[in-house]
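Chemist: From the sequence below, what's the structure:
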Amino acid sequence: MKNVVFVLGAPGSGKGTQCEKIVHNYGYVHLSAGDLLREERAKPNSKHGELIEDYIRNGKIVPVEITCSLLKDAMEKSGREHFLIDGFPRSDDNLRGWNRAMSNEVNLQFVLYFECPEDVCVGRCLKRGSAGSGRSDDNMESLKKRFKTYVNDTMPIIDHYQSLNLLRKIDANRDADEVFSDVKVVFEAAK
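Modeler: Residues are numbered from 1 along each chain as shown. Sure thing, here's the model as predicted:
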């Protein structure tokens, strides 16, 4: 059975940066739901490309069947056993879809939650966008929509995992190395 850690937090909270450090130190495979969706969108013959682009540009959550299918394929292709799933589940529909499709195939170890104020996250995303991230959603208009979706749809998922005692909350409003020192404590405790 594959081991999974969900990695959640607002756009710009540092999920990707911390996942890189976890991969380097603990050997997990990092699967970003957003990156997988953007890769699928970029394929010339993708049957879901236009739909994915429309959802991403409008800050909406892509249908769970598409996201779960991409995650499952990536997990199988890797041939590995330990995964960080970054940016998923982002809504109750994501959670229910994941449970239908994957709950018998994976062991959810815990949920890593990067807590960071919205103004800090927005600043990070805009800086990333101006540095040429190539992401069509690193702009103020999309960020407003993304944060509304995050507050309305993802925060209840974070609360759900808190109620199950599976949430590991990290203060992400600090230097990346300081944040990672807390992340290490969580991963060492999980061994």
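
Chemist: How many residues are close by Gly49?
Modeler: Neighbour count for Gly49, taken as other CB atoms under 10 Å: 15. (Glycine included, C-beta is placed from N, CA and C.)

Chemist: That one and Leu37 touch, don't they?
Modeler: No: the criterion here is CB atoms under 8 Å, and Gly49 misses it with Leu37 at 9.7 Å.

Chemist: what bits of the chain have low per-residue confidence?
Modeler: 133, 135 (pLDDT under 70).

Chemist: quick one, strands of it?
Modeler: 2-9, 29-32, 82-86, 106-115, 167-171 (DSSP state E).

Chemist: Any chance of JSON lines for the ones you listed, columns mean neighbour count and distance to Glu141?
Modeler: Shown next, in JSON lines, are these (neighbours: other CB atoms under 10 Å; distance: least, CB to CB, whole Å):
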{"stretch": "strand 2-9", "mean neighbour count": "22", "distance to Glu141": "21"}
{"stretch": "strand 29-32", "mean neighbour count": "19", "distance to Glu141": "22"}
{"stretch": "strand 82-86", "mean neighbour count": "22", "distance to Glu141": "23"}
{"stretch": "strand 106-115", "mean neighbour count": "19", "distance to Glu141": "24"}
{"stretch": "strand 167-171", "mean neighbour count": "18", "distance to Glu141": "29"}
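
Chemist: For the residue located most distally from the centre of the chain, give me the backbone phi and psi.
Modeler: When distances are taken from the C-alpha mean of the chain, Asn45 lies farthest, 25.3 Å away, according to CA atoms, centre = their mean. Backbone torsions of Asn45, given as degrees, to the nearest 10, read phi -100, psi 20.
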